[in-house]
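S.K.: just need the structure, nothing else, for what follows:
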Amino acid sequence: MKPPYDITPKILKLISSISEKLGAVNATFLSRQSPQLRKQNRIKTIHSSLQIEGNTLTEEQITALLENKRVIGPEKDVLEVLNAIKVYSKLNTFKFSSAKDFLNAHADLMTGLMGNPGRYRNKGVGIVKGNKVEHVAPPHANVPFLMNDLFDYLKDNDELILIKSCVFHYEMEFIHPFLDGNGRMGRLWQTLILISEYPVFEFLPFETLISKTQTEYYQSLAMSDKTGKSTYFMEYMLAVIEEALGILLSYNNRVLKNIDRLDYFLSLGLVDFTRKDYMNIFKDLSSATASRDLKKGMDLNLFKSVGLMNKTKYVIV
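M.R.: As a prediction, the model looks like this:
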């Protein structure tokens with residue numbers, strides 16, 4: 001059965017705006033982002049998704065773990081990050097319509113954090129906030145059948161990917177198929193669904209916006225629970241996606257002076273970079289202008305250069 005939802009005027013408006021913004025994204029630019037920038041986007045995604053679940057590690061600590069360095073922090077938090085790094089590095093190997101891949105991803109994500117990761121729950125669960133039961137999930141015996149129906153829905157070629165991704169995210173949270181890890185799996189799998197048609201989402205950590213609007217995130221889930229439809233959640237998630245694309249485009253399309261360019265570039269959170277990395281962000285920049293920008297940055301003591309000629313790297317001060 002097709003999961004229930006309504007297509008509201010707000011949803012239609014958001015889908016139209018998202019489609020326009022996706023059309024404005026330069027796919028060639030995105031596919032040529034440097035490995036360093038790809039890594040930074042992944043760090044932001046992992047940090048935001050786990051922060052929602054109470055993880056206390058910073059982006060700097062996650063960067064250190066990604067570089068196989070030791071960090072001081074709660075053992076559970078460190079393991080959560082290490083597991084997430086492993087899963088996100090394998091993201092392109094998963095098929096979004098495969099229940100088997102879904103379970104394998106959960107196993108990778110939750111190994112060492114719970115018993116029997118990668119398996120559907122074998123008992124009833126509910127979500128309690130304070131003294132109030134917010135949500136009672138379907139009986140555990142129904143979970144395999146409900147999830148199979150949900151994966152069958154993902155194979156519907158007539159459904160828009162944008163809608164599919166939101167519906168799956170909500171329905172999975174409603175079913176609550178695992179004893180733990182449901183939230184991070186919902187966000188992971190929505191990203192995977194979106195990437196299948198729009199590669200830009202590999203470079204768009206919209207989980208950061210979810211992390212900043214957690215109250216609205218949980219309210220939209222609760223409202224959808226009360227109505228028995230994913231409509232409210234779909235409106236919330238599409239608004240998040242639309243805003244994230246807008247932020248991306250506002251930087252990529254505006255004309256920046258050298259100080260503005262440096263300010264934006266440094267806001268990406270890199271530790272070090274090359275002139276090529278800098279020019280990958282500002283495609284229309286000449287080599288001479290890029291060199292002048294970088295000299296200005298050094299004069300302002302924003303970063304220092306290491307190495308000579310084509311081996312030169314710039315290290316953030």
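
S.K.: below-threshold pLDDT in the stretch 51-200 of the chain: ranges please.
M.R.: For the stretch 51-200 of the chain, no stretch is flagged by pLDDT under 70.

S.K.: how close does Tyr120 get to Leu188?
M.R.: 17 Å (CB to CB, to the nearest Å). For every residue, glycine as well, the C-beta is placed using N, CA and C.

S.K.: and Ile210, by the same measure?
M.R.: In this view, Ile210 and Leu188 are 12 Å apart by CB to CB.

S.K.: more neighbours: which of those two?
M.R.: Neighbours were counted for Ile210 and for Leu188 using other CB atoms under 10 Å; Leu188 has more, 25 against 22.

S.K.: that one: which element?
M.R.: Element membership of Leu188 [criterion: DSSP states H and E] is helix 182-195.

S.K.: contact partners of that helix?
M.R.: Outside helix 182-195, the residues that touch it by CB atoms under 8 Å, 6 or more residues apart in numbering are 45, 49-50, 52-53, 84, 87-88, 91-92, 94, 96, 102, 105-106, 109, 154, 161-162, 164-166, 168-169, 172-173, 176, 178, 201-202, 206-207, 210, 237, 241.

S.K.: which of these are buried?
M.R.: Taking 16 or more other CB atoms under 10 Å as the criterion, what is buried in the contacts of helix 182-195 is 45, 49-50, 52, 84, 87-88, 94, 96, 102, 105-106, 109, 154, 161-162, 164-166, 168-169, 172-173, 176, 178, 201-202, 206-207, 210, 237, 241.

S.K.: now the lengthiest helix in the chain: mean pLDDT?
M.R.: When the chain is parsed with DSSP state H, its longest helix is helix 231-253. Throughout helix 231-253, pLDDT has a mean value of 85.

S.K.: what's the closest non-adjacent residue to Leu179?
M.R.: Of all residues not flanking Leu179 in the chain, Arg121 sits nearest, at 4.7 Å (CB to CB, 6 or more residues apart in numbering).

S.K.: related to what we said a few turns ago, which of the contacts of helix 182-195 fall in helices?
M.R.: 45, 49-50, 52, 84, 87-88, 102, 105-106, 109, 154, 161-162, 164-166, 168-169, 172-173, 207, 210, 237, 241.
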